[in-house]
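[1] Give the three-dimensional model of this entry:
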Amino acid sequence: MLMDFQIESSHEATAEILACTPVIDRGRNSPAHEIRTFELSGSVWQAMFACYAVFFGALILATGHSTAAIFALVVSIGYTTVYFGTASILNRVSGPERATLAKVSLVTGMRTNTGWMSNNSVNAQILIVPVSLVIFACSFAFIRALA
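    Model prediction:
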């Protein structure tokens, strides 16, 4: 009997929440993250690709003297190729719908789960890991060159 009351009260609370929640009709032409190139400009993708190319180039210079190291680098390059390849394929999935949306370059930021972020903040957060990898690999190659 007590459990029936708890179930009833939770259904009532859910009904009250749903009744107070406004329904927003987004329509067909509303922006969706899936059809907006992940809302990133092409320059961010190019910068990310360039960072990974420099990263692997520096690691090859620093560690490319043994067969095991070359094998590990080839596997890592393969994973990176899959990463960028998957993003490229997903980017092309809904190409026709992209023409109906505003151009990404005209938008001054991006909506995230924690609020609105400016383009500079978004780009900095996305590129911090690739840039850090470049600094690490170049430092490693520099130390190897000194030895």
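
[2] Quickly find the element holding S88.
    helix 67-92 (DSSP states H and E).

[3] buried stuff in stretch 125-132?
    For stretch 125-132, a neighbour-count test (16 or more other CB atoms under 10 Å) marks 126, 130-131 as buried. The C-beta positions use only the backbone N, C-alpha and C, and glycine is treated the same way.

[4] To clarify, my last question referred to stretch 78-95.
    Those would be N91, for stretch 78-95 by 16+ other CB under 10 Å.

[5] From here on, call the first residue 229.
    With 229 as the first residue, the last one maps to stretch 306-323.

[6] What is the helix holding S316 packed up against?
    Helices and strands touching helix 295-320, by 3 or more CB pairs under 8 Å, 6 or more residues apart in numbering; DSSP states H and E, are helix 270-291.

[7] buried set for the helix it packs on?
    272-273, 275-276, 279-280, 282-284, 286-291.

[8] between these, which is closest to G337?
    V272 (13.5 Å; CB to CB).

[9] Pull the contacting residues for the closest one.
    351, 354-355 (CB atoms under 8 Å, 6 or more residues apart in numbering).

[10] Sort out which one of the residues you listed lies nearest F299 for me.
    Looking across those and measuring by CB to CB, the closest to F299 is L355, at 28.7 Å.

[11] Many thanks, we can stop here.
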